[in-house]
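Asker: test case, fold it:
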Amino acid sequence: MLDNKKLRELFFKKEDITHSYFDELCSENNIDKSLTAAAVLVPIISNQEGYKILLTHRSKKLEDHAGQISFPGGRIDSDDKSPKGAALREANEEIGINENSIEILGHLDAYATATGFRILPIVSIIKEDFDIKINPIEVESIFYLPMEFLMNPKNHKKEMGTYKRQSTSYKIEYEYNVIPYENHHIWGATAAMLINLYETLK
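Answerer: Next up, the predicted model:
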């Protein structure tokens, strides 16, 4: 049975989640370190109904991944002291969660996207009575994916897509993860990171 104690045991990392630590993870997993570094917060919330994961619908006006479902997060800025700091800053900027409401547990596997990012997902527990204040410039809305839904492998799907390189005839077919929940179509990097969370917890 999943509880906060088990979550802490599964994700506890003795190493501090520094920029150099993120670089080492990328090297170990053959992820190109020249890709744009980013960090996202994987916010796990518990209540009487069980555990759920907060996800956002990104604004359609954004330059990167507009309109997609995502974790709170984004590019690691030069002023960010660590990937963890970047994830906390972005979560506050996007949905107003205060750092005092967030308990960092550890991280999932580093992930590279076809759009040129390398992402470190920072796993966290969001404490009770947290406040949400959506920044409409970055986020259209939020919703919660029940952990029970994620932990049922019957809800994990695959779809095929086609990548075409601009101004060339190059194209390739590829398979990607999809988690359809109610009217939410969770796919791509977010779905892949959620599957990584599932694999860690199962």
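Asker: what's Ala37 in contact with, if anything?
Answerer: With contact set as C-beta atoms under 8 Å, 6 or more residues apart in numbering, Ala37 has these partners: His19, Phe22, Arg75, Ile76, Pro83, Phe117, Arg118, Leu120. For every residue, glycine as well, the C-beta is placed using N, CA and C.
Asker: quick one: buried ones out of those?
Answerer: His19, Phe22, Ile76, Pro83, Phe117, Arg118, Leu120 (16 or more other C-beta atoms under 10 Å).
Asker: which parts of stretch 17-32 are buried?
Answerer: Those would be Ile17, His19, Tyr21, Phe22, Asp23, Leu25, Cys26, Ile31, for stretch 17-32 by 16+ other C-beta under 10 Å.
Asker: returning to that earlier point: among the contacts of Ala37, name the ones in strands.
Answerer: Assigned to strands by DSSP state E, the following of the contacts of Ala37 qualify: Arg75, Phe117, Arg118, Leu120.
Asker: quick check, the last one in contact with His19.
Answerer: No. Leu120 sits out of contact with His19 when judged by C-beta atoms under 8 Å, with a separation of 9.9 Å.
Asker: which residues do the two both contact?
Answerer: Common contacts of Leu120 and His19, defined by C-beta under 8 Å, 6+ apart, comprise Ala37, Pro83.
Asker: which residue ranges of the protein form strands?
Answerer: So, for the chain - with DSSP E - the strands run 36-47, 50-58, 69-70, 73-75, 102-107, 111-112, 117-126, 139-146, 157-164, 171-181, 184-187.
Asker: which residues touch the second one?
Answerer: Counting by C-beta under 8 Å, 6+ apart, strand 50-58 makes contact with 2, 42-46, 65-72, 94-95, 126, 138-148, 150, 184, 186, 190, 194, 197, all of which sit outside it.
Asker: one more: the last one?
Answerer: Residues outside strand 184-187 that contact it (C-beta under 8 Å, 6+ apart) are Leu55, Gln68, Ile69, Phe143, Leu145, Glu159, Tyr176, Asn177, Val178, Ile179, Pro180, Leu194.
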